[in-house]
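In: this one's structure only:
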């Protein structure tokens, strides 16, 4: 599959490149598409959904499935998507979008993403999840693991302060004016600081949250719809 | 490959992921000088280094000279550069019968720099460098230079130089510096190093902010050649009125830097640099869509073997698996299912990081196999031959999906995949799949001594057809639409092509005409010869210039960093029209090879044997390999022909760069671009190019390579 290989050694550099074209190989055209989207701006973030459009998307998703649903907004991308709980593995729930991006949570805390680029590959949240779901202040560790540019796992091991904030009420989707407490988590790992907030109800469910996905993807807002 | 993030790594991570301020590292700079080597001054070197693993191209222009320089930071303290310069109206030997015939003089040069002493709190960093240390030596010079940062913004440099850098206002002389060329050129000019007049140079650079820096320097280069004092008495590229140069550098983005300078009291210099951090990636981990998550079996379901007696059930399961694999870009070639285990045989045409292909396959299996199947063996095949396997328990896949990747890595058994394929009965269709492509191509020749760029463009039709397991027919047909690869040489003097049979030096005749040409047309058989053994035989039109038969055997245990191989070829030279005929030249060639992963990102290869012109010798190659697919390396071939018989360049050598497409587009792809910059195409030390050599085919699916990027198993 070397498209640009050493060919007749005519002079200093001789290469052979197959650029765009047609064929029946699986990645045929990927370069072309990538170049094209650069030209047409197809990969640029779409215009943010209006509240009316968001509501329509929620309504249609709730009508279309009985599975648990959530709404996600990634602030740096100005992207909004309805997530469906497509799989559960032990305490981990994986939520997927229609365009095959996923987010995995444990007790409402994001532990992994896939398909966003610069994904969180896995997390250790055992040090803080108990505090957050019990709505108790305290201190604990929270580690995020990423891949670097050479596909090596790099770990961001943070120490976090969990504090209890004011009370709030959450509505949206199937949730109607549910009482919750705002829990704040402030984390530091060397020079890197990040913070997350969670609205947690009396049963320990994280109904709504604003969480950090890493230096590249910034903050995500997640809201449980059902 | 787990690495705890230190503050420095977090800084790098931040730098890779979001634009941020650079870390205050000692004597590291993104600036390049007019020579395209790392340094904050203009024409003079410093002791600074580029960030480790940076590959850059710098184009600079001043006083009638254009320099294009490719620089690689081989190690944190070692830099290597290749430079191609064009000097307008510079004609060595002007007025004599052997005078240079072209309007621009093209010169190629290599530099090496090493930082001997790291900068301390009070001690400056010290580097030693060789400019243009191989070949004709137009820029030949050596230097020892010290640079000290004062505060975080100012850097002060002072040094002494020989050769060009000792040509202005020298303060002493160390012996005599010979001017001639050793042998037929192309060998290190060690007889000159650190000899002749010695001059002092120095300068200051000041970083105003992250992007902008200013600099001033005192140059010890008298520009004798450009001003008619050297090989071309008529040269008058510019006049030198002052030893002082001043300028400004601006870092436009992480990748692009520009500079403008007022030089030698009467001329302006400009420069642009494009740099890539090969340790980083535009999108770390890729932006391809998510995998299907693991499906966990319901409790107590694992003992249910009822499905094994259901008529048609195993076949139905295989169909489901094949369909699900196809959605992940994987091709199921065979499957052997029993009550508690499965062996699947896959082709992976999509994921360049093989661990990711295995990870996606494992998740597909959790979603499609009956609950009683506990052991997964996933075998990858290439050209119908097993090239590696991973074996794991389904319970581990279920339990460790959300754990760090090293957890599942420690539970996996890595193997070679040898064993019965368990081929699906209904797979004849899948197996005999024809894969083809039709598209434009470009054959490029850059940095040729006669011409900076030559190119042919045209259309190419390529196809592979799997005749039977391990049997592959391949062909490529090309039609040139336009180009100048067949342009005759300029008549430039030099030691010439030597006295060997023209096994490669007549390549331009193969580029003539616009008729369809057969690039290659072969039938190959790949087979496993044992647990650690692989074999290949290829027959037909192997490459544009040679046809014949090529056989290869490789020994490469699945968990070993060492591979040993042997190759034998009997080939005839093809006709220039690249159709079916051959010329009256045939030869048996062959090599024994050793391949070794040296660790720390370096890989070495040694080939010994007989080359195309019948010469005997050895090739040594060392590459720095990045775990995202980038490779930058160099090779040297020395055979038993004299420098005179070899011709200009004395022996074959070159640098080679592999650029993975997946890195640029941020999604998996097995396509890669390989660029070879050969010193000169001569006939000594030449080898047959045959597709499907075994080592690169086999290595990626073996444990040492898989382990490097295992973090991608769950991606």
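Out: Yes, it's here. Model, not experiment: these values are computed from the prediction.

In: for the stretch 601-715 of chain B, which residues are neighbours of chain A?
Out: With Cβ under 8 Å from any Cβ of the partner chain as the criterion, the stretch 601-715 of chain B meets chain A at residues B:626-628, B:661, B:665-681, B:686, B:689, B:708-709, B:711-712, B:714-715. Glycine gets a C-beta too; all of them are placed from N, C-alpha and C.

In: help me see whether stretch A:140-153 makes contact with chain B, please.
Out: Yes - Stretch A:140-153 lies within reach of chain B by Cβ under 8 Å from any Cβ, at A:145, A:146, A:147, A:148, A:149, A:150, A:151, A:152, A:153.

In: please enumerate the helices of chain A.
Out: A:30-40, A:51-64, A:126-134 (DSSP state H).

In: can you report phi and psi for residue B:317?
Out: Phi and psi for residue B:317, reported as degrees, to the nearest 10, are phi -60, psi -40.

In: list the residues that contact it.
Out: Counting by Cβ atoms under 8 Å, 6 or more residues apart in numbering or on different chains, residue B:317 touches B:307, B:337, B:368, B:369, B:370.

In: and the two most separated of the residues you listed?
Out: B:307 and B:368 (12.1 Å; Cβ to Cβ).

In: tell me where the model's unsure across chain A.
Out: A:1-21, A:25-48 (pLDDT under 70).

In: repeat the analysis, applying 50 as the threshold.
Out: Filtered on pLDDT under 50, chain A yields the residue ranges A:1-20, A:28-46.

In: swap in chain B?
Out: B:1-24, B:422, B:424-429.

In: looking at the chain, which strand is longest?
Out: All of this refers to chain A. strand A:153-172 (DSSP state E).

In: oops, chain B please
Out: strand B:582-599.

In: and that strand, how far out from the chain's middle?
Out: 20 Å (Cα atoms, centre = their mean, to the nearest Å).

In: who touches it?
Out: Outside strand B:582-599, the residues that reach it (Cβ under 8 Å, 6+ apart) are B:501, B:503, B:547-548, B:556, B:561-575, B:603-614, B:622, B:687-688, B:695, B:699, B:704-705.

In: now that strand: buried residues?
Out: By neighbour count with 16 or more other Cβ atoms under 10 Å in any protein chain shown, strand B:582-599 contains the buried residues B:587, B:589, B:590, B:591, B:593, B:595, B:597.

In: stretch B:147-167 now?
Out: With burial defined by 16+ other Cβ under 10 Å, the residues of stretch B:147-167 counted as buried are B:147-149, B:155-167.

In: and the closest residue to residue A:174 other than its chain neighbours, what does it touch?
Out: For residue A:174, ignoring the flanking residues on the chain, the nearest one in space by Cβ to Cβ, 6 or more residues apart in numbering or on different chains is residue A:226 at 4.2 Å. For residue A:226, the contact set (Cβ under 8 Å, 6+ apart) comprises A:62, A:68, A:69, A:173, A:174, A:175.

In: doesn't residue B:636 make contact with residue B:622?
Out: No - checked against Cβ atoms under 8 Å, the pair residue B:622 and residue B:636 is beyond contact range at 9.3 Å.

In: which of residue B:307 and residue B:368 has more neighbours?
Out: Taking other Cβ atoms under 10 Å in any protein chain shown, residue B:307 and residue B:368 do not tie; residue B:368 has more neighbours (21 against 17).

In: quick one: the more buried one from chain A, how far?
Out: Counting by Cβ to the nearest Cβ, to the nearest Å, the separation of residue B:368 from chain A is 14 Å.
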